[in-house]
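Engineer: For reference, the sequence and a predicted model appear below.
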Amino acid sequence: MLATTGLGIIRGERAVFTDIDLAVEPGEAVVLRGPNGAGKSTLLRILAGLLSPTVGRVTWDGAAIADDREAHGRRLRYAGHGDALKLALTAFDNLAFWARFEGTPVEAVDDALDRLGLGALGMLPAGVMSAGQKRRLGLARLALAPRPLWLLDEPTVSLDAASVDLLAGMIWDHRAAGGMVVVATHDGLSLPNARTFVLEKAA
Amino acid sequence: MLATTGLGIIRGERAVFTDIDLAVEPGEAVVLRGPNGAGKSTLLRILAGLLSPTVGRVTWDGAAIADDREAHGRRLRYAGHGDALKLALTAFDNLAFWARFEGTPVEAVDDALDRLGLGALGMLPAGVMSAGQKRRLGLARLALAPRPLWLLDEPTVSLDAASVDLLAGMIWDHRAAGGMVVVATHDGLSLPNARTFVLEKAA
Amino acid sequence: MDAVATFLAMGGYAGFVWPSFALTFAVMIGLAVASRRALRKAQRQLELLEQSRPARRARPGKAA
Amino acid sequence: MLTRLANPTRFLRLADRLLPWLGGLTVLAFIAGTVWGLGYAPADYQQGDTVRIMFVHVPAAWLAMFGYSFMAIASFVGLVWKHPLADVAAKAAAPLGAGFCLVALVTGSLWGQPMWGTWWVWDARLTSMLVLFFLYVGYIALWSAIDEPERASKAAAILALVGAVNVPIVKFSVDWWSTLHQPSSVMRLDGPTIDPSILWPLLVNAIAFQLYFVTVLLWRMKAELIGRRVRALTLGLAAREA
Amino acid sequence: MSAFLALLRRDLRLAFAQGGSVGLVIGFFVIAATLFPLASGPERAELARVAPAVIWIGALLATLLSLDRLFQADLEDGSLDLLLVGGTPSSVVVLAKCLAHWLSTGLPLVLVSPLLGLLLGLDPVGIVMLVKTLLLGTPTLSLIGAVGAGLTVGVRRAGILIAVLILPLYVPVLIFGAGAVDLAALGLDTGPSLALLGAVLLVSLPVGTLGAAAALRLAVL
Amino acid sequence: MSAFLALLRRDLRLAFAQGGSVGLVIGFFVIAATLFPLASGPERAELARVAPAVIWIGALLATLLSLDRLFQADLEDGSLDLLLVGGTPSSVVVLAKCLAHWLSTGLPLVLVSPLLGLLLGLDPVGIVMLVKTLLLGTPTLSLIGAVGAGLTVGVRRAGILIAVLILPLYVPVLIFGAGAVDLAALGLDTGPSLALLGAVLLVSLPVGTLGAAAALRLAVL
Ligand code: HEM
Ligand SMILES: Nc1ncnc2c1ncn2[C@@H]1O[C@H](COP(=O)(O)OP(=O)(O)OP(=O)(O)O)[C@@H](O)[C@H]1O
Ligand SMILES: Nc1ncnc2c1ncn2[C@@H]1O[C@H](COP(=O)(O)OP(=O)(O)OP(=O)(O)O)[C@@H](O)[C@H]1O
Ligand SMILES: [Mg+2]
Ligand SMILES: [Mg+2]
């Protein structure tokens, strides 16, 4: 279980947010909302261990994630603004690299591509894909192997309606299997039974 | 008036789309829709003169834009996937550069910033802004000086609900003054009386 | 025998003359063979593709 | 002629008709020139048998220079008249020119060791040849760095033309530079007028090299044209199933 | 004209801003030129002999290192699209960017070169000639470099590709530039070298501007 | 381990892929080293004297030019976040990237260096020593360079900033490396120089890896 206590962060000599207490249980989805600049991306990076909070701490089953960042890394999947693709490699090779890097069997790659409707594009270099196709290829990592915590920063950007539904379905399956999701979004990614957590604009 | 006849383009030796006939009258808004990879961004770049179609032509009041790209450049505003910001410069300086570059008086910059709710952030370097704030700063160029044709590629990406309404309002004012808009979007940017143009996935 | 030996000796400059010719022919034959091979490969791929137009997954990258 | 050949299929058909003849002639000319040059041409009274290196060195040097001119002209035709075969021809010629350039450099070097006592001097002619080789390398590198053929061909054409403007300047600067520092310290290459007994096999070999150039150029152009079609089909196929 | 000035001004500001390139270019130039005596041993007479070569090559490599961002940064953030579609001829855009590049790279190099000449034991006559040749030669480096930068914009590993494309084209500038300093040291006439450097600059002004403008139009396609 | 191999393999593929860096690095190295005689004049004896310095500096600059993309490319496309948060120690990530960098940059340089030695008139003894020193020295260049690349990742104008940060650190390698070739040409004992080069490599292995890993962690924060 992921929890934060009294989280606050100062960036550029201004408090982005203070005193965030957030707990995510298995099977739960939290949707981060708030105006631009409220700190949604910042919070997700803190939860991923990519950024250290100025005050407060993030814990997993009671243990601070800062004590063992690598173990924390192995239980989460983070999808940020970048798609983490090498444009010179094919879709398949891009995904296969991430599979090998995390020790997942490469066989999972074909399924993951199919899952995101990219089966036919496997041998296309990522460089010629459209914005939404690239985004889907980036999200295909989620389907490689199960990990308990998904942290998604505006995952629906550039996706068409069909792909948004696909993603919603993947999140649903993930939660059904006991996974947790924290997702920042502005638009209508509708997740049933999701808890909304609103970040206000700091003063 | 902007019109295309029999527009088609081959990218990577594959036809992205063929036979696009599209006409935009003053005051009209066209919303481009279609699945990922259908060619919305490609079409917008062609309309801007940034890409040459393989077949067909784009005309403005009957004259091909390819004959005088510079004149065409002076009557349009294009907002693509990038925000065209220099992260080291402040919001004000960024916008002031574009104003000078196109010959608009620099006085217009403050108004444009206010228009997009960035009045208070004028002296902040663009580099520390959040995704949505950057996007708004990019869109602030639209408010610099009137130009008849706006070409917007997924302008609402990363914008919060309030900013989306703001943008819709700007588009409305622009059309009321006789301007034209072509906008590609996946989500719910609702423009009253807009015509929807659907690009199908090429065969 | 002698004629062959003197010919091969190249007036004492065998170490310069023969490598020159060898390199020249190696480069030219190498380029020719590589070009032929690229041509053959392209032709084969084209045939394959034209035969199996409606085939499920075309993955030339894997085959190569 | 040019406009009729603009059609790639017609070009391919013509090339198929020509190629067997060209290939045969190339082999014959090579055999004739090499046997004549190695076996029958007399050794030079000064240079001894090293003079035989000339039979490969000089034609290679000529073709290296010819190759770049060919590329530059083809690039010009491609850019200005948008002739669809021009950029294919320019691309196909580059590795050939680079190969000949390499051969000229290495054989010259192998000739220089016995004649001048060193593998390399910074003589004007050698230096400008080296620069030419680098221009070839840059041209090939640019082609391979850009994936889209349409864009790569235009970019490479611009480079070839800028290079073509520069080649005379390079040549001139190098002449001026090296004669200044080293007035005729190395042997002049324009020594005694060449004897016909050497000139003839040299010319035969030069023709052989030229025939080789045309033959392999046609193979490479064919391969490139077919390769583009393959690429089109695979991309089209992949996208259709999406 | 206002577009030209606006772009010039912006690029200069970015170059001179915190984290900008000017200080770094000078630093690189000075370090690269001082590495040479470290690697070759400190004999003074010999150093002075190769000093023009070392300084000229240092200037050339410093220019090169700063070239790969010339258009790349604008491409990545989307500015290039707007610069090219803004109704200003693309050759004007290129010219403004080249001038800014020279003012923020070439000119600072010229200004510190006497110091390096002194460090490497060049005599006053040589130093004066060094400054003169660099002043005539560095704009050419920016202009020819712009073609390479334009051709490689948006290409992976652009930095080193530019180097390979452009260095052979730099040969004449290098030969005339460093050669003139050698001549001056020997007390010979340097008039022709300087005239030739000027001629090369005049040729590269149109070739560089038009070539780079054409290359850029390709890049955004 | 599988993460290490996967990353090594990917980076090598990208480097050797069409448009990759290997050919370009060699091209740059050869061109930069041949520019020297063009700038300094063609006298053979003098050239051979400075040849070790020229070749070593060429290798150094070629390494440098390829360094600025070492982590930058991964930062820009978001890969770096995932590499660091993927549960693999960041020092392993750095080590894999350094090894790939050396295999695709340093090793090719070592392989072409004899040719350059020949062009610049170095004798066989000198050429052998050149290869030995480069073999020992280039891995150090990659390792130290990684620290600079890590520190400047995400910084504008990283390329030239790396140069300024890193070149001073390269000084010992350069002095021992080029110095040993000079010694060999004079017939003197090169044992100590080689031993020192080896020692520098051993020191930079942990320092470079851990330093770069720490720098990277800062960069993504
Ligand atoms: C690496 C070394 C060398 C290079 C790069 C080189 C390059 C060239 C080039 C470019 C040409 C064609 C010039 C023209 O037709 O305008 C040429 C021709 C020639 N080279 Fe070399 N050369 C080298 C070494 C030598 C040596 C060592 C010799 C003889 C001692 C030699 C003898 C000749 C002769 C006789 C010609 C024909 C000259 C003529 O057509 O007027 N070369 N070489
Ligand atoms: N490196 C930094 N230095 C200074 N301020 C920063 C830095 N990074 C972010 N900020 C500030 O932190 C605030 C929060 O940014 P963040 O990207 O988390 O917002 P967000 O909620 O994701 O907004 P959006 O919806 O626009 O993506 C912004 O106001 C921004 O100005
Ligand atoms: N440079 C290129 N080379 C080859 N194919 C390309 C290139 N650029 C685009 N394409 C192809 O053109 C198609 C259209 O791309 P485009 O970016 O216009 O789509 P889009 O409608 O904007 O999609 P999205 O909604 O995902 O942004 C894609 O399928 C893409 O693969
Ligand atoms: Mg955000
Ligand atoms: Mg798009």
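Structural biologist: Ah, there it is. Note that the coordinates shown come from a computational prediction; the quantities given were computed from them, not determined experimentally. Numbering: from 1, shown residues only, chains lettered A, B, ... in the order given. Ligands and ions are numbered 1, 2, ... in the order given.
Engineer: which SS class is residue A:123?
Structural biologist: Following DSSP: H, G, I helix; E, B strand; the rest coil, the label given to residue A:123 is coil.
Engineer: residues near it, how many?
Structural biologist: Other residues within reach of residue A:123, judged by other Cβ atoms under 10 Å in any protein chain shown, total 20. Where you see a C-beta, it was placed from the backbone N, CA and C, and this is true even at glycine.
Engineer: Would stretch A:59-71 count as contacting chain F?
Structural biologist: Yes: on the criterion Cβ under 8 Å from any Cβ of the partner chain, stretch A:59-71 is in touch with chain F at A:69, A:70, A:71.
Engineer: top of those by neighbour count?
Structural biologist: residue A:69 leads those on contacts (other Cβ under 10 Å) with 18 neighbours.
Engineer: Quick one: residues contacting it.
Structural biologist: Shown in contact with residue A:69 (Cβ atoms under 8 Å, 6 or more residues apart in numbering or on different chains): A:49, F:85.
Engineer: So for it, what's the pLDDT?
Structural biologist: You'll see residue A:69 listed with a pLDDT of 84.
Engineer: The residue of chain A found nearest chain D and residue D:113: what is the separation?
Structural biologist: Residue nearest to chain D within chain A: residue A:120 (3.3 Å; Cβ to the nearest Cβ). Distance from residue A:120 to residue D:113, counting by Cβ to Cβ, to the nearest Å: 59 Å.
Engineer: So the two - more neighbours on which side?
Structural biologist: More neighbours surround residue A:120 than the other of residue A:120 and residue D:113, with 19 against 15 (other Cβ under 10 Å).
Engineer: Now the more buried one: phi and psi?
Structural biologist: phi -80, psi -10 (degrees, to the nearest 10).
Engineer: Distance to residue D:108 added to the residues of stretch A:59-71 next to chain F, as CSV?
Structural biologist: Listed next are these as CSV, based on distance: Cβ to Cβ, whole Å:
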residue, distance to residue D:108
A:69, 60
A:70, 59
A:71, 64
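Engineer: Which ones among those residues map onto strands?
Structural biologist: Assignment to strands by DSSP state E places none of the residues of stretch A:59-71 next to chain F there.
Engineer: Out of these, the closest to chain E would be?
Structural biologist: So of the residues of stretch A:59-71 next to chain F, ranked by how close each gets to chain E (Cβ to the nearest Cβ), first place is residue A:69, at 28.9 Å.
Engineer: From residue A:147, how far out is the closest one?
Structural biologist: From residue A:69 to residue A:147 the distance is 15 Å (Cβ to Cβ).
Engineer: Dump stretch D:170-177 to CSV, keeping only the CA atoms.
Structural biologist: Extracted in CSV, the C-alpha atoms of stretch D:170-177 (Å, rounded to 0.1, in the frame of the first residue of the first chain):
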residue,chain,number,x,y,z
VAL,D,170,40.1,23.4,-52.3
LYS,D,171,42.2,22.3,-55.3
PHE,D,172,43.4,25.8,-55.9
SER,D,173,44.2,26.4,-52.2
VAL,D,174,46.1,23.2,-51.9
ASP,D,175,48.2,23.9,-55.0
TRP,D,176,49.0,27.3,-53.8
TRP,D,177,49.8,26.0,-50.3
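Engineer: Do that stretch and chain F come into contact?
Structural biologist: Yes: judged by Cβ under 8 Å from any Cβ, stretch D:170-177 comes into contact with chain F through D:174, D:177.
Engineer: That stretch: how far from the chain's middle?
Structural biologist: 21 Å (Cα atoms, centre = their mean, to the nearest Å).
Engineer: and the host helix or strand of residue A:77, does that touch chain B?
Structural biologist: Using DSSP states H and E, residue A:77 sits within strand A:76-79. No: shown here: strand A:76-79 not in contact with chain B (Cβ under 8 Å from any Cβ), separated by at least 14.0 Å.
Engineer: Each with direction, which strands does that strand pair with?
Structural biologist: Strands that pair with strand A:76-79, judged by DSSP bridges, come out as strand A:149-153 (parallel).
Engineer: just the CA coordinates of the partner strand, formatted as PDB?
Structural biologist: Only the C-alpha atoms of strand A:149-153 are listed here, as PDB (Å, rounded to 0.1, in the frame of the first residue of the first chain):
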ATOM      1  CA  LEU A 149       1.700   0.500  -9.000                       C
ATOM      2  CA  TRP A 150       1.000   2.500 -12.100                       C
ATOM      3  CA  LEU A 151       1.800   6.200 -12.200                       C
ATOM      4  CA  LEU A 152       0.400   7.900 -15.300                       C
ATOM      5  CA  ASP A 153       0.900  11.500 -16.200                       C
END
